[in-house]
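J.: here are the coordinates; sequence isn't available:
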């Protein structure tokens, strides 16, 4: 009789168990023996302050700077620096980077390709001269003998290497003036650039003050090495 009463009391009182929700709080759930329908605990909203969001990828703000620049008609180093660096005073950066190709800052040519370096923190100083100094005009001497001592070094009309081709080059380039130096730094009967002069055996110390014989020898070396292309496209020879 007592056992029956105890069983009845157990049947009338539903038993419960506890489970842990996501926040470690105890939530009562009905056991299967209770016969009650189990209900799912509601999900808790995550505060906005704790939500993780993907940060936007940073975009590069560095502006693209060309590594070279081709000179256009009317360009100067000053105008190119204004275009590339937004500062016309930065022309010396371009000059010193291209110094081996640009002899004088005031002489650049259409189609010439300049290398464009990154601008340094300090702008370099300008060169001491922007163009060659004008040749001084010698006063007439009382005696003409010293001036006639070396006529070949000032005006030359003798034979040249290469026959008709060499004579055409001399006529087109210097008109026979063996000591002329033009504004772009080209020198002598054949208007050698300094690099061409040295490439074909010219003494660097004699560039700008070489005898006619030395100039003819360097020109002959150039022709022997197939260097006619240094003159033919420009002189029409």
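T.: Arrived safely, thanks for sending. Note that this is a predicted model, so its numbers are computed, not measured. Residues are numbered from 1 along each chain as shown.
J.: Give me the nearest residue to residue 227, chain neighbours excluded.
T.: Distance criterion CB to CB, 6 or more residues apart in numbering; nearest residue to residue 227, sequence neighbours excluded, is residue 200 at 6.5 Å. Every residue, glycine included, has its C-beta placed from N, CA and C.
J.: contacting residues for that neighbour?
T.: By CB atoms under 8 Å, 6 or more residues apart in numbering, the contact list for residue 200 reads 218, 219, 221, 222, 225, 227.
J.: Considering these, which possesses the most neighbours?
T.: Most neighbours among the contacts of residue 200, by other CB atoms under 10 Å: residue 219, with 27 neighbours.
J.: Confirm that it lies within a helix, as I assumed.
T.: Yes - counting by DSSP: H, G, I helix; E, B strand; the rest coil, residue 219 falls inside a helix.
J.: Thought residue 190 was touching it, still the case?
T.: Yes - contact status for residue 219 versus residue 190: in contact at 5.0 Å, counting by CB atoms under 8 Å.
J.: list the residues that contact both of those two?
T.: The contact sets of residue 219 and residue 190 overlap at residue 169 (CB under 8 Å, 6+ apart).
J.: Would you map the helices across the protein?
T.: 2-12, 77-85, 91-97, 164-173, 194-199, 212-224, 232-235 (DSSP state H).
J.: between those helices, which one is nearest to residue 104?
T.: Distance to residue 104, taken as CB to CB, is lowest for helix 91-97 among those, at 9.5 Å.
J.: From the rest of the structure, what touches that closest one?
T.: 76-78, 80-81, 84-85, 102, 105, 114-117, 119-120, 123-127.
J.: The same query, at a cut-off of 7 Å, please.
T.: 77-78, 80-81, 102, 105, 114-117, 119-120, 123-127 (CB atoms under 7 Å, 6 or more residues apart in numbering).
J.: Repeat that for stretch 181-190.
T.: For stretch 181-190, using CB under 7 Å, 6+ apart, the contacting residues are 103-104, 107, 131-132, 156, 169-170, 173-174, 178-179, 191-194, 207-208, 210, 212, 215, 219.
J.: Now list the buried members of those.
T.: 103, 107, 156, 169-170, 173-174, 178-179, 191-194, 207, 210, 212, 215, 219 (16 or more other CB atoms under 10 Å).
J.: which residues touch residue 221?
T.: Residue 221 makes contact with 200, 201 under the criterion CB under 7 Å, 6+ apart.
J.: Check it and give its pLDDT.
T.: Looking at residue 221, its pLDDT stands at 92.
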